[in-house]
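Chemist: Fold the following for me, if possible:
(one chain, ligands or ions: 2)
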Amino acid sequence: MQIKKVTVRKMKMRMKEPFATSFGTMQDKQFLLLEVKDEKGNTGWGESVAFDAPWYTEETVETNLHMIRDFLIPVLLGKEITHPDEVGALFSPIRKNNMAKAAIEGAVWDLYAKRKGIPLAEAIGGNRERIEVGISIGIQENLARLIEKVQGYLDEGYKRIKVKIKPGADIDVIRGLREAFPNVPLMADANSAYSLDNIDLLKQLDVFDLLMIEQPLAYDDIFDHAVLQKELKTPICLDESILSLEDVRKAVEMGSTKVINVKIGRVGGLSEAKRIHDYCMANGIPVWCGGMLEAGIGRAHNIALTTLPNFVFPGDTAGSSRYWEKDIIKPEVVVEDGFITVPDEPGIGYTPDFQTIDEFTTASYHFE
Ligand SMILES: O=C(O)CCC(=O)C1=CC=C[C@@H](O)[C@@H]1C(=O)O
Ligand SMILES: [Mg+2]
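Modeler: Ligands and ions are numbered 1, 2, ... in the order given. Below is the predicted model:
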């Protein structure tokens with residue numbers, strides 16, 4: 001197949017509620033939506049998960065637009081491709097910029113699966129008919145409010161609760177939650193808010209029987225995490241520190257992590273995400289699918305990824321209505337009793353809703 005045309009849309013969608021982490025609060029989600037077209041007029045869709053500011057990784061909506069327009073599309077347009085795995089190889093001379101690469105590669109994966117007439121999940125080797133889902137809850141103004149939120153999501157059926165912690169809102173928050181919910185699968189995400197100076201504090205978390213603690217230390221560290229893991233019973237899960245299979249291999253060999261949060265955008269695409277999955281499965285490291293507050297297209301890609309067998313823990317892929325008044329796909333992603341049914345239509349299995357997409361588009365660019 002050949003990519004003959006790419007449309008990049010800049011989107012802005014308001015989330016129902018702000019999402020607060022240790023590094024800031026977001027309510028207006030800006031992102032890029034990509035549509036690729038082949039020589040036969042088939043289309044595939046991808047979503048860039050870069051935020052408008054570089055607080056999660058260094059990438060932003062604007063740096064992604066620059067990379068996609070000025071480097072990635074020129075490499076891809078008109079090239080003969082037989083499998084989406086080749087896209088990563090084409091992009092390999094361009095360093096990092098993983099979210100930009102993943103957005104295009106994701107669109108090519110969707111297109112590839114549609115051309116074959118099979119669901120994306122099947123195209124990557126997944127075989128689950130439904131996936132188990134958890135929820136990630138941002139920092140709340142007080143514990144009572146957090147407990148109320150957790151109860152609401154448990155009532156909706158979510159199977160694992162992740163909460164954000166930061167210095168000053170950590171031990172007391174987790175203790176309060178554990179007292180309120182003694183048996184709920186619970187985990188904490190620190191988004192790099194601590195250092196080894198806080199080792200005594202982090203050790204106090206061990207008594208709360210957390211599934212894992214996500215990214216307690218620096219976003220680019222694997223050494224200090226290995227030091228910390230030796231002191232903790234709670235498994236460490238790396239998020240920000242993992243940009244590739246190579247990062248995973250080193251972190252696993254060093255003992256820095258016992259679980260991996262796989263985010264397609266952070267690792268540069270579905271092909272690399274699958275390689276990470278396969279390596280972790282072979283090495284006894286469970287993985288789960290993280291979220292980037294995606295709209296429907298990115299969410300659909302996460303659902304497909306989660307059908308691989310070593311996605312052991314419920315992911316952060318909640319239903320559309322947890323984020324949006326109106327999502328950009330039809331049907332929206334629905335969670336029932338804590339499960340999402342994996343679509344069986346070709347490709348991502350959800351149809352882009354052009355009316356909603358147009359409503360939230362702030363600029364569009366065409367390349368052919
Ligand atoms: O619901 C989701 O999509 C997950 C949200 C979530 O936890 C995160 C989204 C984006 C950046 C981080 O704050 C965070 C994470 O670190 O996993
Ligand atoms: Mg995280």
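
Chemist: part of a helix, is Glu122?
Modeler: Yes. Assessed by DSSP: H, G, I helix; E, B strand; the rest coil, Glu122 belongs to a helix.

Chemist: what's the distance between it and Tyr323?
Modeler: Taking CB to CB, to the nearest Å as the measure, Glu122 falls 27 Å from Tyr323. Every C-beta, even on glycine, is put in place using the N, C-alpha and C of the backbone.

Chemist: Please say which of the two ends up with more neighbours.
Modeler: Counted by other CB atoms under 10 Å, Glu122 and Tyr323 do not tie: Tyr323 has more neighbours, with 22 against 17.

Chemist: Going by neighbour count, list what's buried in stretch 272-283.
Modeler: Buried residues in stretch 272-283, counted by 16 or more other CB atoms under 10 Å: Glu272, Ala273, Lys274, Arg275, Ile276, His277, Tyr279, Cys280, Met281.

Chemist: any chance of the residues you listed in TSV, plus pLDDT?
Modeler: Converted to TSV, the buried residues of stretch 272-283 look like this (pLDDT from 0 to 100):
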residue	pLDDT
Glu272	98
Ala273	98
Lys274	98
Arg275	98
Ile276	98
His277	98
Tyr279	98
Cys280	98
Met281	98
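
Chemist: Quick check: of these, which lies closest to Ser192?
Modeler: Using CB to CB, Ile276 is the member of the buried residues of stretch 272-283 that sits closest to Ser192, with 20.0 Å.

Chemist: list the contacts for the residue of the stretch 1-150 of the chain found nearest ligand 2?
Modeler: For the stretch 1-150 of the chain and ligand 2, the shortest gap (CB to the ion) falls at Ser136, measuring 7.8 Å. Contact partners of Ser136, counting by CB atoms under 8 Å, 6 or more residues apart in numbering, are Lys162, Val163, Lys164, Asp189, Gly291, Asp316, Ala318.

Chemist: what subset of these is also close to ligand 1?
Modeler: By CB under 6 Å from any ligand atom, the members of these lying near ligand 1 are Asp189, Gly291, Asp316, Ala318.

Chemist: which among those residues are in contact with ligand 2?
Modeler: Among the ones next to ligand 1 among the contacts of Ser136, proximity to ligand 2 is found for Asp189 (CB under 5 Å from the ion).

Chemist: how about a markdown table for the ones next to ligand 1 among the contacts of Ser136, with pLDDT added?
Modeler: Output for the ones next to ligand 1 among the contacts of Ser136, formatted as a markdown table (pLDDT from 0 to 100):
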| residue | pLDDT |
| --- | --- |
| Asp189 | 96 |
| Gly291 | 97 |
| Asp316 | 97 |
| Ala318 | 96 |
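
Chemist: okay if I get the ones next to ligand 1 among the contacts of Ser136 as CSV plus secondary structure and neighbour count?
Modeler: Compiled in CSV, the ones next to ligand 1 among the contacts of Ser136 are given as follows (DSSP: H, G, I helix; E, B strand; the rest coil; neighbours: other CB atoms under 10 Å):
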residue, secondary structure, neighbour count
Asp189, strand, 25
Gly291, coil, 22
Asp316, coil, 22
Ala318, coil, 24
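
Chemist: tell me the contacts of Glu272?
Modeler: Gly88, Ser244, Leu245.

Chemist: could the residues you listed go into a markdown table alongside pLDDT and secondary structure?
Modeler: As requested, the contacts of Glu272 are exported to a markdown table (pLDDT from 0 to 100; DSSP: H, G, I helix; E, B strand; the rest coil):
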| residue | pLDDT | secondary structure |
| --- | --- | --- |
| Gly88 | 95 | helix |
| Ser244 | 98 | coil |
| Leu245 | 98 | helix |
